[in-house]
Structure formats: C-alpha cells, structure tokens
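Chemist: Here is a sequence together with a model predicted from it:
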Amino acid sequence: MKVSSYQLYWLVTISSIVTTSYLPIHLAVEQARQDSWISMLLGGLTMLFVTWVILRVCKQHEDKTLVTFTKELLGTVLGKILVLVYFLLWFRQMTMIAKGTVDFQNLVMLHNTPMVFILLCMLALVVYAVYKGGITAVSRCAEIIGPILVLMFFVQLFLNPEDMNVKRILPVYADTGWLAILTGAFNSYSYLTDPTIALMLFFFAENKRTASRAVIWGTMTTIVWGVLATIVLMFVTGPQIASQLVVPVYSLTKYISILNFIQNIDAFYIPLWLLAAFIKLSLCLFILSYGLSEWTGFRNWKLIAWIVTSVWFVFYIYSNHNIRLSFTLKSMYLNGVLYPFVYLVIPLILWMIGTIKQRSKA
Amino acid sequence: MRRFFQMACLSFILLSTSAGCTDFVEPNQLAFVIGTGIDDAGKDMLEISHQIALPSQLSGSSKGGSSGDSESFIVISAKGKNVFEANERVQRKLSRRLMTSHRTLIAISQEYIEHNNTNKLFDKLNRDPANNQRDNIVLVKGSAKDFMKIKHPLEQLSSIASNKELQINGMNNYSIRQFIIEHASEGARVLVPLLQIENNDGKGNEKGNLVQFAGHAVLNNELKIKGILDDNDGLEAIWMLGKGTFQGLTIPWKNGNGTLSFRLTHLERRIHSVNGNDPKQILLTVKAQAYLLDNTTPLDMSDVDNMIELKKYLDEKIQTDLQDTLNKVQQWGPDIFGIGEYLHRKHPYWWKSQRDDWDENFKKINVSVKADIQLRSTGTSAGQVE
C-alpha cells in the first residue's frame, strides 16, 4: 500500500478542513468575538509548528510507523503505553465526527429516521472502504473529493457580497483584550488541523521528501481557509450573532442569496461535508486498525477494523445517552492536558531522543 | 453467479432504504406558508396567523381567468405561549405539513410589540434550521390576522403584495436576518416599516384592499416603540441610516413660487467626527444624485446660474429637513442611525462607558447633517412649455 504525495495532500487537507468547518470557529468566536480571527490564526500557527515537529520525527524514521519507532525509542512498555494515547485521540475524533454527521442529519433533514440507521449506513460505508482497499481506496477517494470540496469551501465564502459589511470586524483588540483572544485560541486550536495522522501515514508515502511538503501545504490550506471563514463570518453576521451560531459555516451557506435567485447553497455544502467526513472517518479507522495490528502483533488488520467499528458503534450509542460524555469540546482535561501532550510534548520528546540516538550512532 | 446475486440483493435493499424516503414529504403533502401574522392574545400568549397559498387556485388564475370568487389562500390561526406552540396548534388543524421555508413576510401587530417581549419571537427563527431568515419583517396597525386576510386587487396574496411594495419602493433591507443582526449590535437600533390596510372604497364593490405605508416605527433596545415617523420623515431616516436606495422628493420653491420634484438615486451617507478626538461632535453627510422631473416654478433650467442656485437650494432644504427628522429621533433616544456603532469602532474605550445606557447617552451627542446633492440632469425640457 503506497500513497502518493498528491494524495497525501488531499488526505491531510480534507481530514483537517472537515473539523475546521465544524468545531473551532464557534469555540473561538464565543470567546474572542470580532477578534476570533486572531485566535484562529494563533491556533493555526501553533498547529503548523506542531506539524513541522511531527514531520521532523517522521523523517527520522521514514520506514517505520508510529507504533514501531516509539517502541524502539522508548522501549517496549513505555512505547506501547504512549501509543495508546494516540489511539485514544483517533478514536475520539472518530466518535466526534460521527456524532456531528448523524446528529446533523437528524436535525436538519431526517426528523423521524432512527439515529441508529443513519449511523449504521455510515459505518458500513467506512468499514467497507477500509476493508476492501485500505489506505489505497481511501486516498483515491480523497483525490476525487478533495478538489471539489476545497473549491466549494473557498467559493462559498464569497457568495455573500451583498450582506458583507467590512466594518463589523472593527474595533480590533479593544473590545476583547489578549486574555479573550488567547482563550479563544486555546479552546479551538486542537480542532483546527490534524497533524498526528502524519505519524502513521508517512510510512505509506511513496516519496518521503515531497510527502512532508504535502502535509505542510495541506495544513496551510486549512489554516488559511479557517481564518478566512472566520473573517467572512464576522463580515456577514457581526460578532454578536456569530457567537451564538453553533455551526457557523453551515449558517453562512444558508445566508447566501444572490439576486434572490441563487439560494440554499447548503444543499451542496452538506453532501460535500458528508463526503469529507467519510474520508476522515475511514482514514482514522485505517490508521487506528493498522496501528492496533502492529501494537498487538496480530497481522490481520482488516479483522481489527471490523472489531474497532463494532466498539465504535457501541461506544457511540452509549455516549449518546450520556450528555456529558458527548459534549466534551470545552473540557479542560482535553484542551489543557491531552492535546498539548499528544501534539507537542510527545513529538518533541521523540524528536529529541531520535536526534540523540542518531548522533550517538554516528 | 451466486455472489453477483447476493450483491445485487444487498444493493437493492440499501438503495431502497438509504434514500431517506421514510422522512420524505411530497409537495402535495405540504402547506406553503407565504406570510405569518403575529398578534397579542393577552396573558403572555400570542396568536399566529399563517397565510397559506392554495396551489390549485394560484395556477387557475394565472391562466388568464379573472381571480374570480375563489380565494387563492387561506388564513389559519392559533394561540400559544410561544411561536412553536402556536405553530403546532395550527398544524393540528391542517391536513398538510406546514412549510415555512418559502415565507416572504412576517407581520407583527403594533399592539403585540407594545405589550410583549418581542425578543422571544426570534429564538425559534435562529435555532430551527428550517427557517430561511430571508422573509421581510413589518409592523402593522391593527390586527395582523386581518392583515393576512385582506384580498389584494393586484396580487393573489397580500403578503406577497406587501413584500413587492417594499421592494418596488426601494426598501429591500428589511429581512428578518438583517433585523436580528442590527438588533444584536450594540450601537444601533432598529427602524421597521409600519403598514396599514387602506380601504379601497373608490372602486364601489368590495374587491379588495391596498396596503399602505403608515410610517416607520423607531424601536429601542427592548424592541419597544419609542416613536413613529410618518412616511416622509421615515424615508429621510432611511436615507440617513444608510439603507436608502432611491426615493422621490418634492420641495416648494422660494416664496411659494411653485414646486420642484426630483428623483434621488444612489443615496449614500457617511458618519465622521467633526474633530478627531471628540466623540460628542458628529457630522453626518448624505449624498445623492438628483434628476429634476417636475418643475412648476418659473425657473428656466437651461440657464447655468439657475442650476447652480437650484443645487444650493436643494442642499439647504434637504439639510434642514433631515436635521429636523434626526433631532426628532434623537429626542426619543434610540440610535437607529448606527452612530453608536461608528463611535464603538472609532473610540472603543470611550464606548465601554457609554454602551450600557446608549439610548440615554445618544441624546447628548451633537449630530449635524450636511447634504451634498449632485444635480445630474434637469430633464428634457428647458423651461416650462407655455
């Protein structure tokens, strides 16, 4: 199984933009009001730095996945325990995005269709793609969906020219202050991009040199889009309304009305978002099951993919009945401990140990 | 072969179940709400009246036949504690699912807005994704239910008629969404058109009623009416708050010597500080392009001196008229012009001490109006034809 750099770019872009369009903007606007674009920018730059560090680590271990090289660097026991944290992160992302897709379809279109049915349809599709083709199938889908998705996402931001009022973004800084801006960045940074998937994907990349460039470009595309979307949201609705919108990008598409003729763009936006969610979910499912198969030493990762999906299904149903478990976006433990740990602390440690080992060899 | 058969069966099952048909409502099971009226029903209750189009009647009359005796709409109303409850009660009376996505107008009765907390009407519009927020919002004198029921001689539905009336008169910025955005911003209050039913008794038979502008209501932060501008002042206020597109203007010439009428287009306004650091001195400049279309004065418009004099006179006249309107609104308190928003952006730290009681503080701001009209054309006739 090999992934070309072009495919890698789309994989990273899609899996990042799908969360960016869904979660962080609201979390940033809630705190930083009209300065939320600064929060998004700060969060984005942080994540860009994280991506860079992670790519350093990947480059030191080009022919191994996360599971193998942490074991080598930190020893079997510690390595295995640390990798578990990443498994947990990916699993969380899977449940989060799955929840987003299912709940949203229930809210907007299918009022009476049982939630379980929508969930099963989606899980079946995801697990089928992973089972049949693994990462090859997923990346080929990404190659097709990606350009359409990104084009649509960028274009739709500019379909509201009549309602834009550039002055709504003013005054900068005076109303909020650095504390609010930083809180906004702190709440949203972790949902902006998804650098950890590179730890697994890099192993599958055909050309390692161009691959790291692809990952960086993918991350940058997302950050640019995220900041732009926040600014446009301010232009169109102003900070007071924006801070109340839970899914602002969706509301933005609903606002579009060009000459009273081009309306209801959400009919394009939702299906594209669902396709993107499919890519993200199958990518996470693949790296999780492949990682688990290396972690356990059980070679048949396709079987593991099935097992993971069943666990995912059960967990989803359970978490759906537990409100606190299903709304953890602003949890202090996640934002303050887990995310910095997996995004920054572990990669930095791995990078340091890797460098020391290389030096001592030479 | 067997494998192919299995796959075919599976895809067929998936195809028939996953298309979401379980939740699909056919168009002939929908009731298209075109307009909604909201009335006060006492004791914290509200009454909702939905004007629902009857598709069969609509298509019938467009074929060329006269609208006949059959109505092209029905009005169903019900009371409830909030919008959703009243909606549900309307739904209980109907054989078709209410569909509000194509609504064009929401009419709130003046009585309702005076006695209730109007804010609570808007939560549902924001929260429920089944609203498009593109429908216009107006106030009506008298009962909104009656307003929904009137039979318009030109249009098939009175709400579409009012909507078109707003559009054709250059007032196309009164959608619900704009209302909510303006209302939410700290330094601006809302101006809403106030409509009334005009008894069209000239025609002899009771064929129908027209909808007429009764003025514009100035709302404060709690969405209470602080004053009502008449139609003329309302147009001037619209110009000064930056929503104007075009309007007509008739002014008397000096010494009662005839009148002049203009079409004003490209209406603009700008807010400046008179001197950079004093937030309490504000200059509001209005601009427009004027076309002279009616002239009953002795002035010969092919004479350049006359044109210069006319432009000067026009500026002065508009300046004083607009200043009067502005002073009137300023006495009432609500800052419909968005001067607060300007100050918020220009002096953000000063603004923090002002915003909580802006309706009162606005009265202390010294706003002067300056007009700069460009006389584009004096029409195709030089003097009057004797």
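Modeler: That came in fine, so what should we check first? As the structure is a prediction and not an experimental result, all values here were calculated from the model.
Chemist: which SS state does the closest residue to chain B within the stretch 151-300 of chain A fall under?
Modeler: With CB to the nearest CB as the measure, residue A:174 is the residue of the stretch 151-300 of chain A nearest to chain B, at 3.3 Å. In short, each C-beta sits where N, CA and C put it, glycine included. Assigned with DSSP: H, G, I helix; E, B strand; the rest coil, residue A:174 falls in the coil class.
Chemist: Could you list the contact residues of chain B toward chain A?
Modeler: Within reach of chain A by CB under 8 Å from any CB of the partner chain, chain B has these residues: B:14, B:17-18, B:20, B:22-23, B:126, B:129, B:132-134, B:177-178, B:180-181, B:184-186, B:341, B:344-345, B:348-349.
Chemist: let's go with 7 Å and repeat that
Modeler: With the criterion set to CB under 7 Å from any CB of the partner chain, chain B comes near chain A through B:18, B:20, B:22-23, B:126, B:129, B:134, B:177, B:180-181, B:184-185, B:344-345, B:348-349.
Chemist: Show me just the buried residues among these.
Modeler: B:18, B:126, B:129, B:134, B:177, B:180, B:181, B:184, B:185, B:344, B:345 (16 or more other CB atoms under 10 Å in any protein chain shown).
Chemist: tell me which of those residues is nearest to residue B:286?
Modeler: residue B:345 (19.9 Å; CB to CB).
Chemist: Can you tell me the element the closest one falls in?
Modeler: helix B:339-346 (DSSP states H and E).
Chemist: Show me what that helix is packed against.
Modeler: strand B:259-273 (3 or more CB pairs under 7 Å, 6 or more residues apart in numbering or on different chains; DSSP states H and E).
Chemist: Name the next helix or strand downstream of the strand it packs on, please.
Modeler: Toward the C-terminal end, the helix or strand that comes next after strand B:259-273 (DSSP H and E) is strand B:281-295.
Chemist: So for that next one, what gets flagged as buried?
Modeler: Applying a neighbour-count criterion of 16+ other CB under 10 Å, one finds B:282, B:284, B:286, B:287, B:288, B:289, B:290, B:292, B:293, B:295 buried in strand B:281-295.
Chemist: for stretch B:308-316, same thing?
Modeler: B:310, B:314, B:315.
Chemist: want to throw these into TSV with secondary structure?
Modeler: Listed next are these as TSV, based on three-state DSSP:
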residue	secondary structure
B:310	helix
B:314	helix
B:315	helix
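Chemist: returning to that earlier point: hmm, who's touching the helix holding residue B:345?
Modeler: A:167, A:170-171, B:185-188, B:271, B:273, B:279, B:282, B:351, B:358, B:362, B:365, B:367 (CB atoms under 7 Å, 6 or more residues apart in numbering or on different chains).
Chemist: Repeat the analysis, applying 6 Å as the threshold.
Modeler: A:170, A:171, B:185, B:187, B:188, B:271, B:279, B:282, B:351, B:358 (CB atoms under 6 Å, 6 or more residues apart in numbering or on different chains).
Chemist: can you count the residues close to residue A:323?
Modeler: Number of residues near residue A:323 (other CB atoms under 10 Å in any protein chain shown) recorded here: 8.
Chemist: how close does it get to chain B?
Modeler: 18 Å (CB to the nearest CB, to the nearest Å).
Chemist: Have a look at the buried residues of stretch B:308-316 and tell me the least confident one.
Modeler: Ranked by pLDDT, the buried residues of stretch B:308-316 bottom out at residue B:310 (87).
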